[in-house]
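**Q** model this:
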Amino acid sequence: MEFRIERRSGVPTYLQIVNQVTQALRLGALAPGDRLPTAKAVVDQTAVNPNTVLKAYRELERQGLVEPRPGAGTFVTQSLARPGSAADDALRADLEQWMGRATDAGLGRDDVDALVADVRDQHFRQGGQR
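**A** Below you'll find the model as predicted:
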């Protein structure tokens, strides 16, 4: 797993790591038994403070998603992927087409994030929590 740290996002770095791990768990990219990169590997890759990585891993442990094994590393203990997530393939294909249209229209990452967040928030506000 490779982490992408957005230094200007306003989101604390440790939460970016936590969010990326939980996203990988939801998408099935990480599964129980998988080993997370060592703190040193994350530091080498992202140039963040080692304590920041350890704070993220502790938060993931607190959430019951990973467990440290002394001398062996930090391992995933549970998945967040939904059963039948293969059904998401059609939605992913639609979203990829939409992303192509959005970038063709000149939208950047922040524009797309704002638009998606606005539509998502309106949808769940109108339809209730699903």
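**Q** number of nearby residues for His123?
**A** Applying other Cβ atoms under 10 Å, we find 11 residues neighbouring His123. For the C-beta atoms, the positions are set from N, CA and C on the backbone; glycine is no exception.
**Q** give me the phi and psi for it.
**A** The phi/psi pair for His123 (degrees, to the nearest 10) reads phi -60, psi -50.
**Q** got the confidence number for it?
**A** Among the per-residue scores, His123 holds a pLDDT of 85.
**Q** what of Arg130?
**A** 51.
**Q** the residue positioned nearest the centre of the chain is in what secondary structure piece?
**A** Note on the chain: the residue nearest the mean C-alpha position is Gln20, at 2.5 Å, using Cα atoms, centre = their mean. Using DSSP states H and E, Gln20 falls within helix 13-27.
**Q** mean confidence for that helix?
**A** Per-residue pLDDT values over helix 13-27 give a mean of 95.
**Q** please identify the buried residues of the next helix or strand along the chain from it?
**A** Using DSSP H and E, the next helix or strand after helix 13-27 towards the C-terminus is helix 39-46. Across helix 39-46, burial judged by 16 or more other Cβ atoms under 10 Å covers Ala39, Val42, Val43, Thr46.
**Q** the first one and Leu54 touch, don't they?
**A** This means Ala39. Yes: counting by Cβ atoms under 8 Å, Ala39 sits close enough to Leu54 to count as a contact (5.6 Å).
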